[in-house]
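K.L.:
Sharing a sequence plus its predicted fold:
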Amino acid sequence: MRTSLLGCVFALVACAPAPEPATPAPPLPTPSASAPASVASAPAPVPSLKAAPRVPVEQEDIRWGDDQAPVTAVFFGRISDRPSAIVLGRLQKLQDSLGPSRLRIVWKFNKSPVAVPFEDKLSQGALGLQAIAGGAAARSFLEAMMQKHEEIRSFEALLAAAQAAGLKDSAAFEKRLTAGEFLPLLDAHHELELRLGSDRTPTLFINGYRFAGLAPTTALRGVIEDELARVEELQKAGKSREETYTLRTQHNTSNEQVFSVDLPSLRPGAYRKVDLGKSPALGVASAPVTVVMFGGVQDPFSQKAWLTMKALQKRYGNDLRLVWKDALMPFHRASLPLASLAREVRASRGEVAFWGVLGKMLEAPFWARHRTNLLNAEKMDAQLVTIYRELGVKGPWQEVVNKHKNSIEQDAQAWRGAGAVGTPAFFINGRYLSGAQPEQTFVEAIDAEMARARAKIQTGVRPEDVYRALQDDPNFVEDL
């Protein structure tokens with residue numbers, strides 16, 4: 001049933017690399033002189049623990065993936081809740097990408113007031129299947145009900161759905177549900193929610209790191225990858241699977257990202273007014289099409305999209321101008337120092353040098369050399385010193401960050417103000433396109449905007465003024 005759930009989710013919203021709905025990401029942290037901004041500092045050596053993890057997983061919980069996986073996402077959701085279906089679909093897609101041996105998903109039921117009268121019975125039915133028919137049947141039932149919950153209004157319909165999911169012992173299922181045997185499990189989920197301070201649906205905890213609302217795939221992936229690196233360090237220090245999960249859930253107590261639960265208003269093809277400001281531009285000012293790219297050098301999707309941008313520059317020549325703006329995710333710990341490095345190069349050596357350094361940091365050879373140490377909290381500082389030296393930027397990297405962090409935050413404000421959340425985000429003469437899309441998708445959007453720009457030029461607008469003229473056109477509809 002994995003395919004059917006994802007199919008339903010994809011019909012609700014555009015999936016990766018499509019835009020991710022969310023409220024603005026938190027402002028970039030200010031680094032100290034001694035340590036870089038990070039999701040969480042590396043844990044100090046700790047003796048073997050006897051304490052329980054802050055976010056426990058029980059045998060009765062519905063689970064996807066290997067119980068020995070280094071990263072666990074404990075998900076509090078509701079069957080009838082559309083955002084829960086969307087975020088679960090994103091987690092499942094990440095699990096497909098990373099592998100079930102690396103990411104485990106655990107479902108717990110949110111007990112907030114529900115819109116579907118029969119939802120309480122559906123929740124008990126899913127837990128009943130877990131106990132009676134096993135995890136595969138429970139997962140299949142849960143995924144199916146997230147699509148078809150409105151069709152289930154009687155015990156007979158619930159039983160038929162459970163049988164379709166793999167239930168064999170219908171008599172035991174009916175007897176145990178009628179006796180209310182699984183209500184205490186729902187109560188336990190609710191009590192854990194209250195203890196963890198979970199106040200919205202969906203909420204999930206990735207090794208204890210809290211996400212609330214419609215968390216975008218890029219944010220989820222960033223924390224998962226960071227946790228994989230942290231757990232590997234602990235395992236090398238001799239910690240067991242149980243010890244690493246306990247340590248990470250305790251260490252991530254205060255780490256969280258909160259997003260809106262409102263479905264996105266910024267759809268692909270919507271227009272936004274995006275001020276170019278003093279951002280670096282690659283190409284001539286008279287180009288009829290301007291592509292504004294919000295991205296980050298540590299973001300793998302921005303790295304992939306950069307190759308497409310290079311191909312488009314070659315394809316369109318002087319008809320295309322590329323403008324770069326930084327949009328950094330806080331869990332990409334090296335992104336702020338690297339963005340600051342590029343800006344320092346621009347300030348001291350000019351535009352050409354900036355694009356050379358930016359391009360180098362967005363391409364695979366750079367990350368093949370530096371990725372491992374940049375993901376290691378203990379080694380990142382020394383690695384940044386090495387990178388700064390190699391790229392010709394003098395002085396402590398923390399001082400360079402402090403010099404440029406305000407202008408980087410201005411880019412972030414423009415990114416959030418335009419309604420974008422995931423990276424990379426593109427505005428092609430103001431027309432929104434999200435993610436590392438295929439080249440042909442960009443070609444179609446650019447060709448359409450090329451025609452719009454040339455029509456404007458034919459009315460007497462100078463080519464170098466066409467971008468502003470298009471954005472100021474009274475017929476320009478900003479889809480807010």
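P.N.:
Noted; the coordinates are in hand.
K.L.:
Show me the helices in the stretch 251-400 of the chain, by range?
P.N.:
300-316, 335-349, 351-361, 364-374, 380-390, 397-417 (DSSP state H, counting those that start in this stretch).
K.L.:
okay if I get those helices as a markdown table plus distance to A161, mean pLDDT and mean neighbour count?
P.N.:
Where C-beta positions appear, they are placed from N, C-alpha and C, glycine not excepted. Below are these laid out as a markdown table (distance: least, Cβ to Cβ, whole Å; pLDDT from 0 to 100; neighbours: other Cβ atoms under 10 Å):
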| stretch | distance to A161 | mean pLDDT | mean neighbour count |
| --- | --- | --- | --- |
| helix 300-316 | 37 | 96 | 18 |
| helix 335-349 | 45 | 95 | 23 |
| helix 351-361 | 51 | 96 | 17 |
| helix 364-374 | 46 | 94 | 15 |
| helix 380-390 | 50 | 94 | 16 |
| helix 397-417 | 41 | 89 | 18 |
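K.L.:
Same list, those helices, but as a markdown table with distance to T423 please.
P.N.:
Listed next are the helices of the stretch 251-400 of the chain as a markdown table, based on distance: least, Cβ to Cβ, whole Å:
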| stretch | distance to T423 |
| --- | --- |
| helix 300-316 | 6 |
| helix 335-349 | 10 |
| helix 351-361 | 15 |
| helix 364-374 | 16 |
| helix 380-390 | 20 |
| helix 397-417 | 8 |
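K.L.:
Which residue ranges make up the domains of the protein?
P.N.:
For the chain, the structural domains run 2-24+47-258, 281-472, going by automatic domain parsing.
K.L.:
which SSE is the residue lying closest to E151 once chain neighbours are set aside in?
P.N.:
Spatial nearest neighbour of E151, chain neighbours left out: A157 (6.8 Å); criterion: Cβ to Cβ, 6 or more residues apart in numbering. Assigned by DSSP states H and E, A157 belongs to helix 155-165.
K.L.:
Ok, T201 next?
P.N.:
Going by DSSP H and E, T201 is not in any helix or strand.
K.L.:
I'd guessed it sits against F76; true?
P.N.:
Yes - applying Cβ atoms under 8 Å, one finds T201 in contact with F76, separated by 6.8 Å.
K.L.:
related to what we said a few turns ago, quick one: closest of the helices of the stretch 251-400 of the chain to R195.
P.N.:
helix 397-417 (32.0 Å; Cβ to Cβ).
K.L.:
From the chain's centroid, how far away is that closest one?
P.N.:
Distance of helix 397-417 from its chain centroid, counting by Cα atoms, centre = their mean, to the nearest Å, is 20 Å.
K.L.:
how many degrees apart are that helix and helix 380-390 in direction?
P.N.:
Interaxial angle, helix 397-417 versus helix 380-390 (axes from the mean of the first three to the mean of the last three Cα atoms, to 10 degrees): 100 degrees.
K.L.:
mind checking which of the helices of the stretch 251-400 of the chain is nearest P438?
P.N.:
helix 300-316 (7.8 Å).
K.L.:
returning to what we had before: spit out the residues that contact T201 and F76 alike.
P.N.:
Residues touching both T201 and F76 (Cβ atoms under 8 Å, 6 or more residues apart in numbering) are N110.
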